[in-house]
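Can you look at this prediction? I've put the sequence above it.
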Amino acid sequence: MNHIKKLTGRDILGYLLLGLSVIMLGKSLTLCFSSDIWYDELFTVGMIEHSYGDLIAFTARDVHPPLYYCIVKILIDLCKLISVQANPVVIAKIVSVLPYFILLIYSVSFIRKRFGIFTGGIFLFCVIAMPQLSAYTVEVRMYSWALLFVTAAFFHAYGCVTTGAIGRYRHGAALVFYGLAAAYTQYFACVAVAMVYL
């Protein structure tokens, strides 16, 4: 018997939207190879030049929590282990694009499995094609990570209420992880995750 599922028009459109999203993410990656940054991004670059202890102490006196700065610093430090010549601004911009690739994985796994490839494609396309997002994908600020953490928390909250006991524990652990990550990334993300919990 042939068990190959025939693609519907909605499936094809879902794959097309995913393809367009991947092309737009590729364009965002090309935008990373520019060293031009603005004032708020200079703040991030300045923060990551300090030790982890100082970075956490400085953020305790600032309005933004420390997790984003630690993520950027860790990845820049890892890249500098490979190549001392690594440009920290370029790496920091690439770090800002990474959450969208993680959302790509969610769209082809979590969303596709539950709602189909069309929904996965339209989800990712809507996230990537939001107005002005091409600029924000490479901005050396915490917004892309906050978006990832809040969105992933929402997905796992959905998983908590729609799966059995074993899945509920797994999704519950992910909800707590992403909720805490959002809270330690950006204060508005903390409010959004509180709404997800409610």
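Okay, I see it.

Just name the shakiest helix or strand of this protein by mean pLDDT.
helix 133-136 (a mean of 74; mean pLDDT, DSSP states H and E).

I'd like the distance from the very next helix or strand once past that helix to the chain centre, please.
For helix 133-136, the following helix or strand on the C-terminal side (DSSP states H and E) is helix 143-162. Distance of helix 143-162 from the chain centroid (Cα atoms, centre = their mean, to the nearest Å) equals 10 Å.

chain center to stretch 5-21, what's the gap?
23 Å.

now the strands for the protein?
Ranges of strands in the chain, per DSSP state E: none exist.

Closest to the centroid, which residue in this structure?
Centre of the chain computed as the mean C-alpha position; nearest residue by Cα atoms, centre = their mean is Pro99, 2.3 Å away.

Need the nearest residue in space to that one, chain neighbours excluded.
Spatial nearest neighbour of Pro99, chain neighbours left out: Leu148 (3.6 Å); criterion: Cβ to Cβ, 6 or more residues apart in numbering. Glycine gets a C-beta too; all of them are placed from N, C-alpha and C.

Check Tyr178 too.
Ala153 (3.9 Å).

And that neighbour, how far from Ala194?
Separation of Ala153 from Ala194 (Cβ to Cβ, to the nearest Å) stands at 10 Å.

correct me, but Tyr187 touches Tyr68?
No - look at Tyr187 against Tyr68 with Cβ atoms under 8 Å: they stay out of range, at 11.6 Å.

More neighbours: those two, which one.
Tyr68 (28 against 13; other Cβ atoms under 10 Å).

Burial check on Val138, number of neighbours?
24.

ok, back up a step: so what's the residue nearest to Tyr178 up against?
174-175, 178-179, 182, 193, 196 (Cβ atoms under 8 Å, 6 or more residues apart in numbering).
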